[in-house]
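Participant: Let's see this in three dimensions:
(one chain, ligands or ions: 1)
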Amino acid sequence: MSWSRIKGHDPIVNLFVTAYSQGRLGHAYLFIGPTGVGKQTFARELAKALLCERPLQKLVACDTCPSCHLAEAGTHPDLICAKRPDDVVELPVSVIREMSEQLSLKPARGGRKVAILDDADDLNEASANAFLKTLEEPPPGSLLILIGGGSADRQLPTILSRCQIVRFAPLPAETVESLLKEHEVTEPARLQRLLRVAEGSVGQALALDDEELWNFRTLLLKNLSANQIDSLILAKAWHEFVEDAGKESGAKRRRASLILKLLLGLLQDALRITHGIAPTVADRAEAETLRDLADRLGTDRLLGWMQRGLEAETQVDRMVQLELISEAFADYLGR
Ligand SMILES: [Zn+2]
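Facilitator: As a prediction, this is how the structure comes out:
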């Protein structure tokens, strides 16, 4: 059944079905919300419903017609998907030009054309400008869906003023839990561990469902809780673990970012302790170690470490050389 794949976003489904039924569907939408809450899945389901050749009701795809099958397979000629290539920081003009060009062609299957642009946060001035004409005067009947990150602040005003903004909230814990179970995460300890770090994002939880990452987290905590942090050893272990993620630079960068997420989680827990709040970790020995860390560092230094961790996250996003990031961070922690 169409839309059944969309969990936790009923108001947004209703918004689109109502707008479509009343003939008020816009021509450009910007989806805003944390990574991994289902914006991409939603965009694809919406596209499928719009392209369906035998809709069950208004904007409810049949899931059985050729068009639905093509949309599901990602091979529908009237569904154009574009994103930032893995190895660059910004969306290149060439990607936007190609997308606009495809959008301007007549629909191959008769109905309309839908374009989904992922990583819309990464439009730069040049690529945004190349996009303006398509955004202002899209071919009749076509729909543009831009997918951004957690905040509309990252969008250029020229883009914001031409799109209707749709905000996706983090998913409630019970929705994340049922989605994780659908992904066959059922073992209670594993499930609970992921729920603690999900922050309302099933994508984030699944990315963190990697035993090696958790082993590295243990190693990290052991290093941090030493009276004297050995920066060289820490940087070396960190770098080797990132390199082990695979040959592809995108995989290494994703791992680097997940390490920082887990590290920030540990520091947040330590900070909780300094404020007399119980940490979220389930393991008693780990909680003890965090307590020692919190006592040794105190609130100010903990906040300093967290600030530095957030900076490192930005550097990972901004394509700074990964080895430099881990080296500089380990060096800072050793001071
Ligand atoms: Zn269909």
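Participant: tally of neighbours for the nearest residue to P77 once chain neighbours are set aside?
Facilitator: Of all residues not flanking P77 in the chain, A108 sits nearest, at 3.8 Å (Cβ to Cβ, 6 or more residues apart in numbering). C-beta here means a position set from N, CA and C on the backbone, and glycine is covered the same way. Using other Cβ atoms under 10 Å, A108 is surrounded by 11 other residues.
Participant: Regarding A108, what is its secondary structure?
Facilitator: Reducing the assignment at A108 to three states with DSSP: H, G, I helix; E, B strand; the rest coil gives coil.
Participant: ditto for F31
Facilitator: strand.
Participant: so who does it touch?
Facilitator: Contacts of F31 were listed using Cβ atoms under 8 Å, 6 or more residues apart in numbering, and they are K39, F42, A43, I145, L146, I147, G148, V166, F168.
Participant: Let me know the pLDDT of it.
Facilitator: pLDDT recorded at F31 is 97.
Participant: All further residue positions should be reported with the first residue as 25.
Facilitator: All right, first residue 25 from here; so that's F55.
Participant: Skip the chain neighbours and tell me the closest residue to it.
Facilitator: K63 (4.4 Å).
Participant: tell me, how many neighbours does that neighbour end up with?
Facilitator: Neighbours of K63 using other Cβ under 10 Å come to 24.
Participant: just R29 next, same as before
Facilitator: By other Cβ under 10 Å, neighbour count at R29 equals 14.
Participant: sorry, back to before: pretty sure the residue nearest to F55 contacts E69?
Facilitator: No. If you go by Cβ atoms under 8 Å, K63 and E69 don't touch, sitting 10.9 Å apart.
Participant: What parts of the protein come near the ion?
Facilitator: By the rule Cβ under 5 Å from the ion, the part of the chain lying against the ion is C76, A85, C86, C89, C92.
Participant: Contacts only, for the third one.
Facilitator: Shown in contact with C86 (Cβ under 8 Å, 6+ apart): S26, C76, E77, R78, P79, L80, C92.
Participant: could you dump the contacts of F55 to a markdown table with pLDDT?
Facilitator: What follows is the contacts of F55, written out as a markdown table (pLDDT from 0 to 100):
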| residue | pLDDT |
| --- | --- |
| K63 | 97 |
| F66 | 97 |
| A67 | 98 |
| I169 | 97 |
| L170 | 97 |
| I171 | 97 |
| G172 | 94 |
| V190 | 97 |
| F192 | 97 |
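Participant: Give me the subset of those that lies in strands.
Facilitator: Residues of these located in strands (DSSP state E): I169, L170, I171, V190.
Participant: State the distance from the residue nearest the centre of the chain to the ion.
Facilitator: Centroid check for the chain by Cα atoms, centre = their mean gives T59 as the closest residue, at 2.3 Å. Relative to the ion, T59 is positioned 29 Å away (Cβ to the ion, to the nearest Å).
Participant: Need phi/psi at the closest residue to L184 other than its chain neighbours.
Facilitator: Take L184 and drop its neighbours on the chain: the residue closest to it by Cβ to Cβ, 6+ apart is A176, 6.3 Å away. Dihedral angles phi and psi of A176 (degrees, to the nearest 10) take the values phi -70, psi -10.
Participant: A176 contacts I183, doesn't it?
Facilitator: No. Contact criterion Cβ under 8 Å: A176 and I183 do not qualify, at 9.5 Å.
Participant: Of these two, which one has the most company?
Facilitator: I183 (21 against 15).
Participant: Which of the three states applies to that one?
Facilitator: Classification of I183 by three-state DSSP places it in helix.
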